[in-house]
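**Student:** model the structure of this input:
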Amino acid sequence: MRRFAGLIVVLLLGFGAAASAAVVERPSPSLNAAAAPMPALSLAMFGPAPALLPATPVPGADFPLVSIPAQALAARLPSAPAAQPHERGPPGARDSDFSSVVAQSVADTVHDWKVPSEEILADHDVILVGESHQSLASVTELARALPGLAKAGVKVLGIEGLKRPNQEAVDAYISGRADVLPAEVLSFSPRRRSAFEALLKTARETGVRVVALGIPLDAWARQVAELAAARTGDPFETFLRSPGEQLYRAQVGYEPGYNEAVAEVYLTRRNQSMASFLADALIEGAKAVALAGQNHVAGADAVTLQLVGDPGRWGSVGTELARLGLRAFSLTLTGGRSVDVDGAQDDRAARPASHALAAKASPDGAPAFQRTGADTGLYHAGGMVPASMVAH
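**Tutor:** Next comes the predicted model:
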């Protein structure tokens, strides 16, 4: 149970480098459907003025919203030591039966981005790419596709892992005012650093602005504590812990008021903030593509998460973009290269329905795109999916 709960913790947090020290980087399953509204964040929140997260009353809400000074968000240090990613190394003999879906077994052959981007962007404003945070393919495929996406009208690339305090440094690099990115900018995913460096380099070369979609996780942890205290009547200090500890507590037991606060903050509010940052970055007529964990992007796998037993309630980035008048296409990405064998196994366990779709769309393991709805689709980046997955 502890291992599974630890897996779900990082599914929600997204990137191991910002999570509790006891947590290893893991993939994010899907979560979708409608969510309750909350005031959106603004790009101006990290400007020179001490802006606040809006505290406008929300229709139907029975709890006070949390306002946090923007400068405090930018400056606050994590409330727990950063997690050190577990280096498992290359696959060994024990992994031979899983080699067909392992990152290292997928050849780095050059292929075209199989997603019909121009067709999708003709009637969508944003393509949301739902990934496993253990996937290298999600990053490298976007780097390969970005020149074509730019020609199709994409002016903005949003990345969940990038944090708002680093936006200025990212802007300086993309615009050419700086030749290198500060080391801390990509610290959210150390095992995928080189892949993200290549992606940002491509964005710089194609003139696509890169937008940070993340807020430091300790700021969300404070919001959980505020909201849980308001809903339960217990002291704020009772709930103020590191993000990993908060999520683990919600996994191992149900506490009325507390579990709902965890889901509201780490799912709904994060979805809303990412949607707001994307919307603020788009000028009239511009398009965007965004990379986020599958937990925030509509897809075939709606994972219960053991928070409150109602995963559909907490929404997705797509539903929040719709509230802002933007239409999103939610694209689940499977296959291709991952950081290691365990990462590929974890993703298969977390997103069985998506991998079953991939097996049917690509029986020979070739890259393939399949539309699953008017606003949803799946892109398999390559590699054989075990036949057993088709039965799920």
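**Student:** switch to C-alpha atoms for all contacts and neighbour counts from now on
**Tutor:** Fine.
**Student:** ok but D342 is inside a strand, no?
**Tutor:** No: going by DSSP: H, G, I helix; E, B strand; the rest coil, the assignment for D342 is helix, not a strand.
**Student:** what about it, neighbour count?
**Tutor:** 20 (other C-alpha atoms under 10 Å).
**Student:** same check on the one 4 residues further on?
**Tutor:** Counted with other C-alpha under 10 Å, the burial measure for D346 works out to 16 neighbours.
**Student:** secondary structure element for it?
**Tutor:** Assessed by DSSP states H and E, D346 sits inside helix 341-350.
**Student:** buried stuff in that helix?
**Tutor:** Using 16 or more other C-alpha atoms under 10 Å as the test for burial, helix 341-350 gives V341, D342, G343, A344, D346, D347, R348, A350.
**Student:** pLDDT check: weakest of those?
**Tutor:** Across those, the bottom pLDDT score, 88, is held by A350.
**Student:** one step back: between the buried residues of helix 341-350, which is closest to A250?
**Tutor:** Within the buried residues of helix 341-350, the smallest distance to A250 is 18.3 Å, found for A350 (C-alpha to C-alpha).
**Student:** what's the weakest-modelled helix or strand in this protein?
**Tutor:** helix 70-75 (a mean of 35; mean pLDDT, DSSP states H and E).
**Student:** picking up where we left off before, can I get the buried residues of helix 341-350 in JSON lines including distance to R249?
**Tutor:** Formatted as JSON lines, the buried residues of helix 341-350 follow (distance: C-alpha to C-alpha, whole Å):
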{"residue": "V341", "distance to R249": "28"}
{"residue": "D342", "distance to R249": "24"}
{"residue": "G343", "distance to R249": "24"}
{"residue": "A344", "distance to R249": "26"}
{"residue": "D346", "distance to R249": "21"}
{"residue": "D347", "distance to R249": "23"}
{"residue": "R348", "distance to R249": "25"}
{"residue": "A350", "distance to R249": "20"}
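**Student:** all strands for the chain, in order.
**Tutor:** 126-131, 154-163, 209-214, 287-293, 328-334, 368-373, 376-380 (DSSP state E).
**Student:** between those, which gets nearest to V265?
**Tutor:** Among the strands of the chain, strand 209-214 sits nearest to V265 (C-alpha to C-alpha), with 13.1 Å.
**Student:** give the rounded mean pLDDT of the closest one.
**Tutor:** Mean pLDDT, computed over strand 209-214, is 98.
**Student:** distance of E131 relative to H296?
**Tutor:** 9 Å (C-alpha to C-alpha, to the nearest Å).
**Student:** what about these two, which has more around it?
**Tutor:** Legend: neighbour count by other C-alpha under 10 Å for E131 and H296, higher for H296 (34 against 28).
**Student:** what's the distance between that one and A279?
**Tutor:** Relative to A279, and taking C-alpha to C-alpha, H296 is found at 16 Å.
**Student:** sorry, back to before: W314: which of the buried residues of helix 341-350 is nearest?
**Tutor:** The closest of the buried residues of helix 341-350, once distances to W314 are taken by C-alpha to C-alpha, is A350, at 18.1 Å.
**Student:** residue ranges with poor pLDDT in the stretch 1-150 of the chain?
**Tutor:** 1-110 (pLDDT under 70).
**Student:** redo that, cut-off 80
**Tutor:** Per-residue confidence for the stretch 1-150 of the chain (pLDDT under 80) gives these ranges: 1-111.
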